[in-house]
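Novice: I'll drop the sequence and a predicted model, then ask my questions.
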Amino acid sequence: MPETQISVLIVDDQRTLADSLRIALGIDPFLRIVATAGTVAEGIRLSREHQPEVVLMDHFLPDGTGVEAAIAIRKERPEVAVVMLTGGSCDEVMLAAIEAGVSGYLTKTEPAATIADAIRQAAAGEVLVPPGAIAALIARGRERVARQAAGARRSTSLTAREREVLALMAQGLNTRAIAERLHLGLNTVRGYVQSILEKLDAHSRLEAILHANSAGLLDICSSPCICRS
């Protein structure tokens, strides 16, 4: 038994898998499993209580995501290494995890020996991400800057009232509902909608909403990532 072991917290709401990982990883003489958690809140609490060096984190949890948990845990303890363990490959989740500062990203299909090795490398300060992930992250950053610039240009062309109408369109309100909400006439609202379509180079309300979202004008997601553990 080594004099020092790497303390590990497992966060996964699938109790059978969490117990299996605890047993499989506990065999490794260099690892010490300090606790298991099944929710974001419990993971944050147990991280605070046990001060693990590495957190092995599932992404989809009952009360949030592993990315949210990683951000909260590392905000309190920046030195902790988080290794994401997910049920499937999803570029959006992977990039969000990397942006949150995780040290590794693995799927649950990996053998215990590979997961144990990832934990040891994460504890040593290494960053383990799939090939091409860093390039994708850089490209994503460039795209974000471009969207923000485009959004800034488009937002300056929209009047304050047009931005209000656009926001209500994004909430799914029809012309009459928007008119009632803003105390405007139906024809007035139709005029604002037509102006929005022209300024955003869109042919429909839905297209305008998607264009506005991609330009960073709306706080919604036009292309949700679908992948579950």
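Specialist: Nice, thanks for sending it over.
Novice: got the domain boundaries for the protein?
Specialist: 6-130, 143-214 (automatic domain parsing).
Novice: Mean neighbour count, those: which tops it?
Specialist: domain 6-130 (a mean of 19; mean count of other C-beta atoms under 10 Å). Where C-beta positions appear, they are placed from N, C-alpha and C, glycine not excepted.
Novice: would you list the domains of the chain in CSV and tack on mean pLDDT?
Specialist: Listed next are the domains of the chain as CSV, based on pLDDT from 0 to 100:
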stretch, mean pLDDT
domain 6-130, 89
domain 143-214, 82
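Novice: is it true that residue 199 touches residue 159?
Specialist: No - here residue 199 does not reach residue 159: they are 9.4 Å apart, not a contact under C-beta atoms under 8 Å.
Novice: which SSE is the residue nearest to the spatial centre of the chain in?
Specialist: Most central in the chain under C-alpha atoms, centre = their mean is residue 96, positioned 4.3 Å from the mean C-alpha point. Element membership of residue 96 [criterion: DSSP states H and E] is helix 91-99.
Novice: Show me what the helix or strand that comes right after that helix is packed up against.
Specialist: Counting by DSSP H and E, the next helix or strand C-terminal to helix 91-99 is strand 104-107. Applying 3 or more C-beta pairs under 8 Å, 6 or more residues apart in numbering; DSSP states H and E, one finds that strand 104-107 contacts strand 81-86, helix 91-99, helix 112-123.
Novice: now the helices for the chain?
Specialist: 15-26, 40-50, 66-76, 91-99, 112-123, 133-157, 160-170, 175-182, 186-199, 205-214 (DSSP state H).
Novice: List the contacts of the fifth one.
Specialist: Yep, that's helix 112-123 we're talking about. 6, 8, 21, 24-25, 28, 30-31, 53-54, 56, 81-83, 85, 103-104, 106, 110, 128 (C-beta atoms under 8 Å, 6 or more residues apart in numbering).
Novice: how about a cut-off of 7 Å?
Specialist: The contact list for helix 112-123 (C-beta atoms under 7 Å, 6 or more residues apart in numbering) reads 6, 8, 24-25, 28, 30-31, 53-54, 56, 81, 83, 85, 103-104, 106, 128.
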